[in-house]
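Colleague: I'd like to go over a predicted model; first the sequence, then the structure.
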Amino acid sequence: MTSRLVASLLVILAWGPAMGQEVRVPSSPGEIRLSYAPVVKRVAPAVVNVYAARVVENRFPMFDDPIFRRFFGGGSPREQVQRSLGSGVIVDPAGLVVTNFHVIENADQIKVSLADKREFEADIVLKDQHSDLAVLRLKDTRERFAAIDLGDSDALQVGDIVLALGNPFGVGQTVTHGIVSAVARTQVGITDYQFFIQTDAAINPGNSGGALVDLGGRLVGINTAIFSRSGGSQGIGFAIPANMVRGVIASAQGGSAVVRRPWLGARLQAVTPEIAESLSLKRPVGALVSGVAAKSPAARAGMRTGDLVVSVDGQAVDDVNAFDYRFATKPLGGQANVGVLRSGREVRLAVALESAPETPREETPIKARSPFLGAKVANLSPALADELRMDIDSKGVVVTDVENGSMAQSFGLQKGDVVLVVNNAKIETTQDLVRAVSQPSRVWRLTIQRGGQQISAVITG
């Protein structure tokens, strides 16, 4: 026996007893047959396939030329059906299904295929682009479906085993397993609420909207995205936490077409290393208050510019994204205990959990021939500013939608643009804009605000 082998055996003998493990041959098949099958059997009936379709027109610009039409004929737009495939989860026995917003975005028709191969048409109950979630309802059915229970995603720990269920690449329901690689991922850039569960369970195209479950068979996340250079799974997948999903489901069950979330009414900014040093912090942590709206929940609670938000109901806040998630997942009504550092000591503020006030939006489509033709505009309110992720002090008239192929799109108008002046007329309400564009003009002088900057333009024609 060589000296190297002897040394290796000594290491093994020394390590084994230290770990307190007994080395022996399994005495029965039951000792070696470990399986996730019981969990899968329980949750698989609640995981569905979602098929979304929309009709688009393919129009060739040459067909707009009368000479071309005269010699070559045709000219009518060709319709093409675009289809997308995703997954979903039945969360209510009455037939409510949660999936990703991006799976059903702009869909004209949605079908849901159950694990038993039955298919149902589905209506969209609620769409929430901010969280990339949507809720569907199965049509023309009164039966009770197998539904999954929601777990507490805040209880997840790095290293916990999880299973991912969905329909990758359209091959049919598939189960993969892995561990929780990270919790509270906030620098992913997928949705407005940056707070994701990261897992190495294989997630591929078609898994979007599918279930991430724990070994108790509880839904802990909705699979939504992967980081990949190849298009396939590379062991970095992201899921929306179940605690965010819970609020969206509650809004849908309550009959709302939108998700109402608590409004803070304060502007928060990231803590840089320089700011951390000026505040005598050991590391950049928390969210710095850089502005407070008058009469907002933050103002009434006593929050001040310069406060450093460090916790919500005892849960640590590492950055702005973490605060947004913690606060947004609180149910409306009651109060949240927000911890802030002020002058070197922690202060607890009782912030009311209420939705942002909504002045009359008067969302109006612009139909007059003008640079705004094909755009929708609305009066800015705290609620709309919050919805569009704009500054808390924003006022005026904002573009809420721009129709594809419209004159407004061709002139470069974008959702979120604030209209300030049209042909020397100051725009403060939607009616101001309607009056301004109803006056025919060959020259349009516009001033808009985009991303904090004013842009002026002269448009002819």
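Modeller: Thanks, I have the structure now.

Colleague: pLDDT value on the closest residue to Arg435 other than its chain neighbours, please?
Modeller: Among residues not flanking Arg435 along the chain, Ala425 sits closest, at 7.5 Å (Cβ to Cβ, 6 or more residues apart in numbering). Placement of C-beta: from N, CA and C, glycine included. Looking at Ala425, its pLDDT reads 92.

Colleague: Could you say which helix or strand holds the nearest residue to Phe195 once chain neighbours are set aside?
Modeller: Of all residues beyond its chain neighbours, the one nearest Phe195 is Tyr325 (3.6 Å), with distances taken as Cβ to Cβ, 6+ apart. Per DSSP states H and E, Tyr325 falls inside helix 320-328.

Colleague: Determine the set of other helices and strands touching that helix.
Modeller: helix 242-253, strand 266-270, strand 287-292, strand 308-312 (3 or more Cβ pairs under 8 Å, 6 or more residues apart in numbering; DSSP states H and E).

Colleague: circling back to that earlier point, thought the residue nearest to Phe195 was touching Asp192?
Modeller: No - look at Tyr325 against Asp192 with Cβ atoms under 8 Å: they stay out of range, at 10.1 Å.

Colleague: Show me which of these two is the more surrounded one.
Modeller: Tyr325 (22 against 15; other Cβ atoms under 10 Å).

Colleague: and stretch 94-106, how far apart are its ends?
Modeller: One end of stretch 94-106 sits 25 Å from the other (Cα to Cα, to the nearest Å).

Colleague: Which of the residues in it are classified as buried?
Modeller: Neighbour-count burial for stretch 94-106, counted by 16 or more other Cβ atoms under 10 Å, picks out Gly95, Leu96, Val97, Val98, Thr99, Asn100, Phe101, His102, Val103, Ile104.

Colleague: check contacts around the fourth one.
Modeller: Listed by Cβ atoms under 8 Å, 6 or more residues apart in numbering, the contact partners of Val98 are Gly88, Val89, Val91, Leu133, Ala134, Val135, Leu136, Gly209, Ile222, Val245, Val248, Ile249.

Colleague: Closest one of the residues you listed to Leu215?
Modeller: Nearest to Leu215, judged by Cβ to Cβ, of the contacts of Val98 is Val89 at 17.1 Å.

Colleague: Look up how far Val347 lies from the nearest residue to the closest one once chain neighbours are set aside.
Modeller: Spatial nearest neighbour of Val89, excluding adjacent residues (Cβ to Cβ, 6+ apart): Ala211 at 4.7 Å. Computed as Cβ to Cβ, to the nearest Å, the Ala211 to Val347 distance reads 41 Å.

Colleague: just checking, Ala164 touches Ile179?
Modeller: No - here Ala164 does not reach Ile179: they are 11.3 Å apart, not a contact under Cβ under 8 Å.

Colleague: hey, where'd the helices end up in the stretch 151-300 of the chain?
Modeller: Secondary structure of the stretch 151-300 of the chain by DSSP state H, counting those that start in this stretch: the helices cover 242-253, 273-278, 297-301.

Colleague: In JSON lines, list those helices along with distance to Asn49, mean pLDDT and mean neighbour count.
Modeller: Listed next are the helices of the stretch 151-300 of the chain as JSON lines, based on distance: least, Cβ to Cβ, whole Å; pLDDT from 0 to 100; neighbours: other Cβ atoms under 10 Å:
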{"stretch": "helix 242-253", "distance to Asn49": "19", "mean pLDDT": "94", "mean neighbour count": "21"}
{"stretch": "helix 273-278", "distance to Asn49": "47", "mean pLDDT": "92", "mean neighbour count": "12"}
{"stretch": "helix 297-301", "distance to Asn49": "42", "mean pLDDT": "96", "mean neighbour count": "21"}
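
Colleague: right, and those helices - which one's nearest Asp154?
Modeller: Per Cβ to Cβ, nearest to Asp154 of these: helix 242-253, 6.1 Å.

Colleague: Distance from the chain centre to that closest one, please.
Modeller: How far helix 242-253 lies from its chain's middle: 12 Å, per Cα atoms, centre = their mean, to the nearest Å.
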